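K.L.:
Below is the sequence, then the predicted model.
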2 protein chains.
Amino acid sequence: MFSQTVEYALRAIVYLADQAPNPCTTEQIAKATKVPQAYLSKVLQSLRQSSVVHSQRGIGGGISLVKTPEELSLLEVVNAVDPICRIHTCPLGLKGHGTNLCPLHRKLDDTMRETETAFAETTLAQILLSSTSSYPLCNEPHERLTQLGGTTISPSN
Amino acid sequence: MFSQTVEYALRAIVYLADQAPNPCTTEQIAKATKVPQAYLSKVLQSLRQSSVVHSQRGIGGGISLVKTPEELSLLEVVNAVDPICRIHTCPLGLKGHGTNLCPLHRKLDDTMRETETAFAETTLAQILLSSTSSYPLCNEPHERLTQLGGTTISPSN
DNA sequence: GCCATAATAGACATCAATGTCCATTTATCG
DNA sequence: CGATAAATGGACATTGATGTCTATTATGGC
């Protein structure tokens, strides 16, 4: 129901939120989220063009969130790469329906509206704080590869 | 969010429900629903293989619903052509998550479950009886091209 | 049995989503 | 300035969704 690109974008953003506000390289994100790196870079470009993430080239650079996890909703991520396009006018192009969708398309649009709302109301911070018995994207909490102060910590492996 | 094929399948089924229990030819459905006829025949084959519709060749034949509009849900139609596939195991293939999805995939699956439920609870009869100000698929009620008794009525155009 | 009707099957065409690869540009560090 | 790190852009490959076309098969009426 959701495209592969949406899945990849959300994985990357969850990882970035987990590491926020530190930047992460595409390679780092790709490995952590098991997304093909070359394709991920395309997805990240879409996110950058929509101002969901910020990028910085060169040593010490990488990708980082523009907003804090508290301010960023799932919907903003989804709409950046594969917009949920609501039904505004009759898909059959019937005049006379105008904004009055027929019962079928009214129902379809309603379900899309519900999905849209669910995504709009969920922030990345909520995802990170949710307590299911599994951590987001991994078996253990992710290593924080850099500390806020700038000291680098090596991963345990 | 929903594929073109789902859209076409639902249009066809709504039309068939409107004409039920009379059979309709693919050509007739295609014109009424503005779906490319050759492609529609593919979609209808999927619906037949899932026993949503029944087909009859030759003169007087066509496509008809297997169930009554009261018994048929939108979900059965959708799942016949483009199944809503729920998330059952971790898409990253992480052991240890098992059926315990991480918060991200838990949320994604929840929205899919809601959509699934919405479709499961809506019957074709409800769609036909819904009173928005627009008729399903058309500006006016569809002509019933044949009557239950077998007498054929010419369309007014 | 013959003809008209209508579904069926399969080949083929087109396009968008997904995925890969490589050269180029921008940045930091020494 | 030179070396390294990292994103960027564009070309290309692959696959699945969408769409078209034609020959074949099944059915009912005469």
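P.N.:
Okay, I see it. Numbering: from 1, shown residues only, chains lettered A, B, ... in the order given.

K.L.:
Going along the chain, name the helices of chain A.
P.N.:
A:4-19, A:26-33, A:37-49, A:74-81, A:103-120, A:124-129 (DSSP state H).

K.L.:
Skipping its backbone neighbours, what lies nearest A:Glu27 in space?
P.N.:
Among residues not flanking A:Glu27 along the chain, A:Gln37 sits closest, at 6.0 Å (C-beta to C-beta, 6 or more residues apart in numbering or on different chains). Heads up, the C-betas are built off the backbone N, CA and C, glycines and all.

K.L.:
these two touch, right, that neighbour and A:Ala30?
P.N.:
Yes: with contact defined as C-beta atoms under 8 Å, A:Gln37 counts as touching A:Ala30 (3.8 Å).

K.L.:
Which of the two has more residues huddled nearby?
P.N.:
The neighbour count for A:Gln37 versus A:Ala30, taken as other C-beta atoms under 10 Å in any protein chain shown, is higher for A:Ala30 (22 against 13).

K.L.:
quick one: the more buried one and A:Leu44 touch, right?
P.N.:
No: A:Ala30 is beyond contact range of A:Leu44, at 9.8 Å (criterion: C-beta under 8 Å).

K.L.:
Give me the common contacts of A:Gln37 and A:Ala30.
P.N.:
Common contact partners of A:Gln37 and A:Ala30 (C-beta atoms under 8 Å, 6 or more residues apart in numbering or on different chains): none.

K.L.:
any idea how far the closest residue to A:Pro141 other than its chain neighbours lies from DNA strand C?
P.N.:
Using C-beta to C-beta, 6+ apart and skipping the chain neighbours, the partner closest in space to A:Pro141 is A:Tyr135 (5.7 Å). Noted for A:Tyr135: a distance of 23 Å to DNA strand C, by C-beta to the nearest atom of the strand, to the nearest Å.

K.L.:
next one: A:Pro141
P.N.:
26 Å.

K.L.:
One more: A:Ser46?
P.N.:
The separation that A:Ser46 has from DNA strand C, given C-beta to the nearest atom of the strand, amounts to 10 Å.

K.L.:
ok, now which ones touch that residue?
P.N.:
A:Ala9, A:Ala80, A:Val81.

K.L.:
Turn the residues you listed into a markdown table, columns for distance to DNA strand C and pLDDT.
P.N.:
Shown next, in a markdown table, are the contacts of A:Ser46 (distance: C-beta to the nearest atom of the strand, whole Å; pLDDT from 0 to 100):
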| residue | distance to DNA strand C | pLDDT |
| --- | --- | --- |
| A:Ala9 | 10 | 98 |
| A:Ala80 | 13 | 97 |
| A:Val81 | 8 | 97 |
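
K.L.:
possible to save the residues you listed as a markdown table with distance to A:Ser130?
P.N.:
Output for the contacts of A:Ser46, formatted as a markdown table (distance: C-beta to C-beta, whole Å):
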| residue | distance to A:Ser130 |
| --- | --- |
| A:Ala9 | 19 |
| A:Ala80 | 22 |
| A:Val81 | 22 |
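
K.L.:
now these: which count as buried?
P.N.:
The neighbour count (16 or more other C-beta atoms under 10 Å in any protein chain shown) marks A:Ala9, A:Ala80, A:Val81 as buried among the contacts of A:Ser46.

K.L.:
Can you tell me which of those is nearest chain B?
P.N.:
Within the buried ones among the contacts of A:Ser46, the smallest distance to chain B is 11.2 Å, found for A:Ala9 (C-beta to the nearest C-beta).
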